[in-house]
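**Student:** Next one to model:
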Amino acid sequence: MTRPLYVILATLLVVACGPNGLSPATKLTVGLGYLPSVQFAQFYRAQQQGYYAEAGLDVTFQNEADPNLVTLVGQGAVDIGIADGTSVIPAVGQGIPIRYAATIYARFPNVVMTPAASGLTDAGSLARHTLGIPGRYGSSWVMLQALLASAGLTPDDIDIREYPDYGQATALQQGQVDSATGFRNNEPVQLDRQGFATNVLTIDEITPLPGPGLIVGTSTLSARKDALQAFVAATLRAMDEITANPQLGVDDTITAVPDLGSDRAGQLAVLQATIEMWSSPYTQANGTGSIDPDAWSRSLEFMRGLADSNIPADLTVGDLITQELLP
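**Tutor:** Residues are numbered from 1 along each chain as shown. The predicted model follows:
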């Protein structure tokens, strides 16, 4: 059987700088999301199974909120991390020196949820109804505007209720709002397990917004390219293994974060929903982690056209992404 290219790359890097005393392990600080989660199973697996160590890396994870992580990566305080593609575009437009280097979520995770029996099954049906959202910012806000625009609507056509404490899913379940934003691998899964079925409205076929992926600072990319390539190769290897057997991801996540072991069935359900978003027709054709420049171009133009956009007219896709770390 032919081995995937990222496995060959990782093997070559071990030969060149592996853990056999030829050179010391390279330390990398890796930024993940705000809280430890099974959604980061590929990183935990690559750590627990020694893939990072085999590649000559000494990896430390650091949990940060998305806005903080973008800033820290740009400053070089964090070497590589996961952040929303929709955060990268305005950040680079404001002069933060980062690049999106590998796709993790090939399908956009932010969605609008409605009760299954509500009859609210498409964007147009949201008009004149209430919607819960954490606030008018971030990836949920961008997604909502894209979804409404597909039906000729704007946020002014719905009654928006803000939940800064991220309680919009609970508000939906309790009937306080008619719809709510969420992540398709989190709130709909949790609500379904509680017996509350939902419709999930997505934008994948409407506007190809870039989902969360690995970001690097431009100075770090220049100075530590070999180590970053090795990290990406090991992570993609773990992603493909978990896709083939999700239970591996649950086991390694719980080893890394024992507190998550109290509900293995729930962790598996979230991970299976997450795995669905790791893959798209583009990544299936071009490889796990691949970046679709055309989709980024369309996303850039959409976000530039938003009413509250301050994205420079001369910002290009080449300013936003790099293919240098992909096998």
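**Student:** can we go C-alpha only for contacts and neighbour counts from here?
**Tutor:** OK.
**Student:** residue ranges of the helices in the protein, please?
**Tutor:** Remark: helices assigned in the chain by DSSP state H are 5-17, 41-48, 51-54, 66-75, 85-93, 138-149, 168-173, 187-193, 218-223, 225-244, 246-256, 264-278, 281-286, 293-304.
**Student:** so which of those helices gets nearest I321?
**Tutor:** Proximity to I321 (C-alpha to C-alpha) singles out helix 293-304 among the helices of the chain, at 8.1 Å.
**Student:** now the helices of the chain as a markdown table including distance to D314 and mean pLDDT?
**Tutor:** Formatted as a markdown table, those follow (distance: least, C-alpha to C-alpha, whole Å; pLDDT from 0 to 100):
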| stretch | distance to D314 | mean pLDDT |
| --- | --- | --- |
| helix 5-17 | 34 | 52 |
| helix 41-48 | 35 | 98 |
| helix 51-54 | 38 | 98 |
| helix 66-75 | 20 | 96 |
| helix 85-93 | 9 | 97 |
| helix 138-149 | 21 | 96 |
| helix 168-173 | 37 | 98 |
| helix 187-193 | 37 | 97 |
| helix 218-223 | 19 | 98 |
| helix 225-244 | 27 | 98 |
| helix 246-256 | 42 | 98 |
| helix 264-278 | 31 | 97 |
| helix 281-286 | 27 | 97 |
| helix 293-304 | 11 | 96 |
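**Student:** Out of those, flag the one nearest T60.
**Tutor:** Closest among the helices of the chain, using C-alpha to C-alpha: helix 41-48, at 9.3 Å.
**Student:** now for the closest one, which elements pack on it?
**Tutor:** helix 225-244, helix 246-256 (3 or more C-alpha pairs under 8 Å, 6 or more residues apart in numbering; DSSP states H and E).
**Student:** Ok, which of the helices of the chain comes nearest S125?
**Tutor:** Evaluated with C-alpha to C-alpha, the helices of the chain place helix 138-149 nearest to S125, the distance being 9.8 Å.
**Student:** Report the buried residues of stretch 284-299.
**Tutor:** Of all the residues in stretch 284-299, those buried under the rule 16 or more other C-alpha atoms under 10 Å are 287-292, 296-299.
**Student:** Please save the CA atoms from it in CSV.
**Tutor:** Extracted in CSV, the C-alpha atoms of stretch 284-299 (Å, rounded to 0.1, in the frame of the first residue of the first chain):
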residue,chain,number,x,y,z
GLN,A,284,-11.2,14.7,-0.9
ALA,A,285,-9.7,15.6,-4.3
ASN,A,286,-6.7,17.4,-3.0
GLY,A,287,-5.8,15.9,0.3
THR,A,288,-6.6,16.5,4.0
GLY,A,289,-5.7,20.0,5.0
SER,A,290,-5.7,21.4,1.5
ILE,A,291,-6.7,25.1,1.0
ASP,A,292,-9.0,26.1,-1.8
PRO,A,293,-7.8,29.5,-3.1
ASP,A,294,-10.9,30.1,-5.2
ALA,A,295,-13.2,29.6,-2.2
TRP,A,296,-11.0,32.1,-0.3
SER,A,297,-11.3,34.6,-3.1
ARG,A,298,-15.1,34.4,-3.0
SER,A,299,-15.1,34.7,0.8
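**Student:** ok so, going back, with distance to D204 as new columns, can the helices of the chain be given to me in TSV?
**Tutor:** Shown next, in TSV, are the helices of the chain (distance: least, C-alpha to C-alpha, whole Å):
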stretch	distance to D204
helix 5-17	27
helix 41-48	23
helix 51-54	32
helix 66-75	22
helix 85-93	14
helix 138-149	10
helix 168-173	21
helix 187-193	17
helix 218-223	29
helix 225-244	20
helix 246-256	24
helix 264-278	10
helix 281-286	11
helix 293-304	11
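**Student:** Can you tell me which of those is nearest to F108?
**Tutor:** Of all these, helix 264-278 sits nearest to F108, with 7.3 Å by C-alpha to C-alpha.
**Student:** that older thread, need the helices and strands packed on helix 41-48 in CSV with mean neighbour count, can you?
**Tutor:** As requested, the helices and strands packed on helix 41-48 are exported to CSV (neighbours: other C-alpha atoms under 10 Å):
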stretch, mean neighbour count
helix 225-244, 22
helix 246-256, 21
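**Student:** Arrange those helices in JSON lines, one row each, with distance to V142 as further columns.
**Tutor:** Shown next, in JSON lines, are those (distance: least, C-alpha to C-alpha, whole Å):
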{"stretch": "helix 225-244", "distance to V142": "27"}
{"stretch": "helix 246-256", "distance to V142": "30"}
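**Student:** All set, thanks.
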